[in-house]
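> sequence-free structure coming up:
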Ligand code: CA
């Protein structure tokens, strides 16, 4: 009888262990990359009404072709940073009648109840054909979006600090507490310019920033009274950052924020605060071969998310890239 009871106890213990194991598997499943139904790149996220809206580029795979094949931008949303709802394609290059190709990095910002989406696209017109910035607007974060100007906001010919025709890509918008809006942008040379209150016209001269070993992918965010300007450096790209007490600088170089992202020459960060926590959103080429869309790579990128942590002096702890990502839903 005693042996019988012991067997039951041991059996129950084993069932318990199995249940714990299954629970752990469910909770701690790998979440990076966060989307495995389509390739996603160049993340730009905002928080609106307790929801994260994550806008991404869209790497397409075409057999026999290499290089970036990007025609539209996608949207995903989440209320807990773990479960992501796809909204599909929200805008394409074809929606900008003046543009020809390349739906490169974009940026979303809300102002006065409208949602402005700034894009990098190729424009074969103007005095100096090359990559330009367009802007689309919508009344809600999921669209529908329309080309609000019918022309480029910024064209390659407006800057000439570097000779490449993609030196005006990667717009990143920031609105000061007093309402002044600025667009940071650039490849090879970092630049910024004030925007008019209507958000669709430049207001004044384009200024140049001197950032160590700058490549591209500027992102400006503010925490307490510190401004942080993060950017991709070198190639393959690592993410570095500078800090300032003013949006106009002077900027102090602090150091490395994120190492080379697995299997991708490029990187592109988005930084948000959601429900009191901070996040670093980026892309890698680390999609595994057993995913529904196949293996990742330089032109088949996928978005991942990690916590962003601050030191007590306001500097940032280097990002720890993981395959787990955010595993516990944020309530
Ligand atoms: Ca230019």
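Perfect, I can see it now. This structure is a prediction, so every number in the text was calculated from the model and none was measured.
> what's around residue 42, how many residues?
Using other Cβ atoms under 10 Å, the number of residues around residue 42 comes to 29. C-betas here are computed from N, CA, C, even on glycine.
> doesn't residue 269 make contact with it?
No. Assessed by Cβ atoms under 8 Å, residue 42 is found out of contact with residue 269, at 9.7 Å.
> touching, residue 298 and residue 287? I think so.
No. Contact criterion Cβ under 8 Å: residue 298 and residue 287 do not qualify, at 11.9 Å.
> out of those two, which sits in the busier spot?
Using other Cβ under 10 Å, the more surrounded residue of residue 298 and residue 287 is residue 287, with 26 against 15.
> looks to me like that one is in a helix.
No. Applying DSSP: H, G, I helix; E, B strand; the rest coil, one finds residue 287 to be coil, outside a helix.
> where's the residue lying closest to it once chain neighbours are set aside relative to residue 34, distance?
Once flanking residues are discounted, residue 287 sits nearest to residue 296: 3.2 Å by Cβ to Cβ, 6 or more residues apart in numbering. As judged by Cβ to Cβ, to the nearest Å, residue 296 and residue 34 stand 13 Å apart.
> more neighbours: those two, which one.
residue 296 (24 against 21).
> list the contacts of the more buried one.
With contact set as Cβ atoms under 8 Å, 6 or more residues apart in numbering, residue 296 has these partners: 33, 39, 263-264, 284-288, 302.
> quick revisit: overlap in contacts of residue 296 and residue 34?
Residues touching both residue 296 and residue 34 (Cβ under 8 Å, 6+ apart): residue 302.
> which residues does residue 114 form a beta bridge with?
Beta-bridge partners of residue 114, counted by DSSP bridges, are residue 111.
> surely it touches residue 139?
Yes. Contact criterion Cβ under 8 Å: residue 114 and residue 139 qualify, at 6.4 Å.
> name the element residue 109 belongs to?
For residue 109, the enclosing helix or strand under DSSP states H and E is strand 101-111.
> my bad, should have said residue 99
Using DSSP H and E, residue 99 maps to neither a helix nor a strand.
> the ion versus that one, what's the distance?
Distance of residue 99 to the ion, computed by Cβ to the ion, to the nearest Å: 16 Å.
> for that residue, give its distance to residue 129.
Between residue 99 and residue 129 the distance is 11 Å, computed by Cβ to Cβ.
> show me where the stretch 1-150 of the chain has strands.
Along the stretch 1-150 of the chain, the segments classed as strands by DSSP state E, counting those that start in this stretch run 41-48, 51-57, 72-78, 85-92, 101-111, 114-123, 130-138, 146-147.
> could you give the angle of the longest one to strand 85-92?
Taking axes from the mean of the first three to the mean of the last three Cα atoms, to 10 degrees, one finds that strand 101-111 is oriented at 110 degrees with respect to strand 85-92.
> what mean pLDDT does strand 101-111 get?
For strand 101-111, mean pLDDT is 98.
> now do stretch 186-195
Confidence for stretch 186-195, expressed as mean pLDDT, is 98.
> sorry, back to before: in the strand holding residue 109, what's buried?
Residues of strand 101-111 classed as buried by neighbour count (16 or more other Cβ atoms under 10 Å): 102-109, 111.
> contact residues of the protein facing the ion?
The chain has residues 156, 159, 167-168 near the ion, with proximity defined as Cβ under 5 Å from the ion.
> give me that answer again for 6 Å
156, 159-160, 167-168 (Cβ under 6 Å from the ion).
> quick one: buried ones out of the residues you listed?
When neighbours are counted using 16+ other Cβ under 10 Å, the residues of the chain next to the ion contain these buried positions: 156, 159, 167-168.
> got a pLDDT number for the residue sitting nearest the centre point of the chain?
In the chain, the residue lying closest to the centroid (Cα atoms, centre = their mean) is residue 43, at 2.2 Å. You'll see residue 43 listed with a pLDDT of 98.
> how much space between it and residue 319?
As defined by Cβ to Cβ, residue 43 lies at a distance of 14 Å from residue 319.
> overlap in contacts, the two.
Counting by Cβ under 8 Å, 6+ apart, the common neighbours of residue 43 and residue 319 are residue 282.
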